[in-house]
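A.B. asks: predicted model, plus sequence, below.
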Amino acid sequence: MKAYYLLFAAVLLLLLQSCDKNPLATKLPGEKVLLKLYRFDEDLRSADLSQSGFAYQNLYQKYGDFLPLFLESIVRIGPGNDSLSLSMCSDFLNDPYIAETDRVIQEVYTTEKMNDLKESLETSFSYYAYYFPDSLIPSLIFYNSGYNFGIYSMDSTIAIGLDWFIGRDKEPIQQLPFPEYRKYKMDPEYLEANVVKDWCNRVLYQDMAGNNLLENLIYYGKIMYLLEALTPGMEDSTRMNWKSGSVEWCESNEFSIWKELANQEILYNTDPFAVQKWIIDGPFTAGLPQESPAMAGVWTGWQMLRDHHRRFPEQSLLQVLEAGAEEILKSYNPKK
């Protein structure tokens, strides 16, 4: 009988250990992916805009469809296929505020900083290539968006507005008419997480189905779980773009958050406002105490994905990402 209890205890301990083990703990095999990085901001600044036709041809040859996108949709100077629009970029570049932002970009994103960023992003996209071996690896274009678009993902390119990540303490950021919670997220430390997260959103978007709150929680939870898989070693607070202490608050109040969500009227509500308040940015999550961080619903969806994969550790990441919302909900065990 004593041997039976010892065996039972050993099996129980093994089960508990397997529940705590991170199913995403994977050693990256093979060589790292080598990313192609381009500095559109530097090339635009050095272009001879007085010869707009020649300059347009050179930039288009290097940047393709990003150039007309930049002119027409990002800075909205003029028709993207008209070289005269490029000549009008002189006004954009010489605007004192844009010029000061450009100066700060050069100050923050030195050659050493860009090399470090490249190496870090190459690790993330190497994991992406591991999980999605047949997928295209995007090239990265860095530019000054004039505070219009932080990150703009296309079919084969991710355009990154460095102006959105120069640091909340920098003078151009301080002058922006943005709320403080938004300025806080404009630090270089959040750049990598946002680049990879935006690409995750593009990868998973076609799989999003339904409009109720549960389906949205699971969808954004899948984005965060894929982000986690691609950024081992990154802090959860960085992945969420949260201040220090926000993750700890959610961990301490996980069951209370779930109590606010766990009824039919809320969890299956399709009203856009009822859904959005749990997943949009802000000073805090509406319906929770003001000490809460924004997007507590996104964090909750992420925990659902984590619990589901711990419950089925034999499943691949792709199998977990393909699971339905109701199936994932059954795995959720909010911590008290």
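C.D. replies: Right, received. Where do you want to start?
A.B. asks: mind listing what's buried in stretch 143-153?
C.D. replies: The neighbour-count check on stretch 143-153 (16 or more other C-beta atoms under 10 Å) flags 143-147, 149-153 as buried. C-betas here are computed from N, CA, C, even on glycine.
A.B. asks: the residues you listed into JSON lines, with extra columns for distance to H308?
C.D. replies: Formatted as JSON lines, the buried residues of stretch 143-153 follow (distance: C-beta to C-beta, whole Å):
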{"residue": "Y143", "distance to H308": "38"}
{"residue": "N144", "distance to H308": "41"}
{"residue": "S145", "distance to H308": "37"}
{"residue": "G146", "distance to H308": "42"}
{"residue": "Y147", "distance to H308": "38"}
{"residue": "F149", "distance to H308": "33"}
{"residue": "G150", "distance to H308": "30"}
{"residue": "I151", "distance to H308": "28"}
{"residue": "Y152", "distance to H308": "31"}
{"residue": "S153", "distance to H308": "26"}
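A.B. asks: any idea which of these is closest to N194?
C.D. replies: When those are compared for distance to N194 (C-beta to C-beta), I151 comes out closest, at 5.7 Å.
A.B. asks: tell me the phi and psi of L37?
C.D. replies: The phi/psi pair for L37 (degrees, to the nearest 10) reads phi -110, psi 140.
A.B. asks: typed the wrong thing, it's L227
C.D. replies: phi -60, psi -40.
A.B. asks: so it makes contact with V196?
C.D. replies: Yes: using C-beta atoms under 8 Å, L227 is in contact with V196, at 5.7 Å.
A.B. asks: hang on, I223 packs against Y205?
C.D. replies: No: using C-beta under 8 Å, I223 is not in contact with Y205, being 9.2 Å away.
A.B. asks: for the protein, which helix is longest?
C.D. replies: As assigned by DSSP state H, the longest helix anywhere in the chain is helix 111-131.
A.B. asks: now what about that one, what contacts it?
C.D. replies: With contacts defined as C-beta atoms under 8 Å, 6 or more residues apart in numbering, helix 111-131 is touched by 26, 28-30, 32-35, 37, 109, 135, 137-138, 140, 142, 188, 191-192, 195-196, 199, 226, 229-232, 317-318.
A.B. asks: and S52, that's in a helix?
C.D. replies: Yes: judged by DSSP: H, G, I helix; E, B strand; the rest coil, S52 forms part of a helix.
A.B. asks: pLDDT score assigned to it?
C.D. replies: For S52, the model assigns a pLDDT of 90.
A.B. asks: count of neighbours near it?
C.D. replies: Counted with other C-beta atoms under 10 Å, the neighbours of S52 add up to 19.
A.B. asks: how about the helices in the stretch 201-336 of the chain?
C.D. replies: 213-230, 236-240, 246-252, 254-261, 264-267, 272-276, 296-311, 317-322, 325-331 (DSSP state H, counting those that start in this stretch).
A.B. asks: coming back round to it: of I223 and Y205, who's got more company?
C.D. replies: For I223 versus Y205, the count of surrounding residues by other C-beta under 10 Å is larger for I223: 25 against 11.
A.B. asks: contacts only, for that one.
C.D. replies: With C-beta under 8 Å, 6+ apart, I223 has these contacts: 197, 200-201, 204.
A.B. asks: what's the most distant pair in these?
C.D. replies: For the contacts of I223, the maximum inter-member distance is 10.6 Å, found between K197 and L204 (C-beta to C-beta).
A.B. asks: so which of those two has more stuff around it?
C.D. replies: Higher neighbour count among K197 and L204: K197, with 22 against 16, using other C-beta under 10 Å.
A.B. asks: which strand or helix spans that one?
C.D. replies: Using DSSP states H and E, K197 sits in helix 191-204.
A.B. asks: now that helix - C-alpha only, CSV.
C.D. replies: The C-alpha trace of helix 191-204 is given here as CSV (Å, rounded to 0.1, in the frame of the first residue of the first chain):
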residue,chain,number,x,y,z
LEU,A,191,9.5,48.5,-31.2
GLU,A,192,10.4,44.8,-31.7
ALA,A,193,7.2,43.5,-30.0
ASN,A,194,5.0,45.8,-32.1
VAL,A,195,6.7,44.8,-35.4
VAL,A,196,6.3,41.1,-34.7
LYS,A,197,2.8,41.5,-33.3
ASP,A,198,1.7,43.3,-36.4
TRP,A,199,3.0,40.5,-38.6
CYS,A,200,1.3,38.0,-36.3
ASN,A,201,-2.0,39.8,-36.8
ARG,A,202,-1.5,39.7,-40.6
VAL,A,203,-0.7,35.9,-40.4
LEU,A,204,-3.8,35.1,-38.3
